[in-house]
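J.: Sharing a sequence plus its predicted fold:
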Amino acid sequence: MEVSVIRKADSDTVGKVAQAVTEQARQLETVASHVREHEGKVEVLEGRTETLKEQVQHKAESVNVYSTDGVDGMLRAFYNREEMDALLSRIWWRLGDVSKAPSSTPRPPTR
């Protein structure tokens, strides 16, 4: 009788252990799939990082990087002060707010 009880206990234990091993194997497969997924993402991020590094290095070494003084000079040449004053004076004149017009700029003729 004792032997049959021990065998029954062993078979119950073996069944529980087999079930636990199966559950752990399932969890391990889930973890492995997550790892594979993240490996792909890491590869994409590494590629993007290299691209950004190259772009930043190219920009830092570029001849087309302008100083503040250089940009100010380009903008002054592009937006001529007299032309801008004349344009704004015409806008203010059309809106009827002539008080904002600069005093050095001649007023546009009336039509």
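T.: Sure thing, it's come through. Not measured: the values here are computed from a predicted model.
J.: So for the host helix or strand of Val14, mean pLDDT?
T.: Here Val14 sits within helix 2-61, counting by DSSP states H and E. When pLDDT is averaged over helix 2-61, the result is 84.
J.: Tell me the first helix or strand C-terminal of that helix.
T.: Taking DSSP H and E, what comes next after helix 2-61 is helix 68-78.
J.: Going by neighbour count, which residues of the helix or strand that that next one is followed by are buried?
T.: As assigned by DSSP H and E, the chain's next helix or strand after helix 68-78 is helix 81-95. Under the neighbour-count criterion of 16 or more other C-beta atoms under 10 Å, helix 81-95 has Ala86, Ser89, Trp92, Trp93 buried. For glycine as for every other residue, the C-beta is placed from the backbone atoms N, C-alpha and C.
J.: Using JSON lines, lay out the residues you listed together with distance to Thr68.
T.: Listed next are those as JSON lines, based on distance: C-beta to C-beta, whole Å:
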{"residue": "Ala86", "distance to Thr68": "27"}
{"residue": "Ser89", "distance to Thr68": "29"}
{"residue": "Trp92", "distance to Thr68": "31"}
{"residue": "Trp93", "distance to Thr68": "35"}
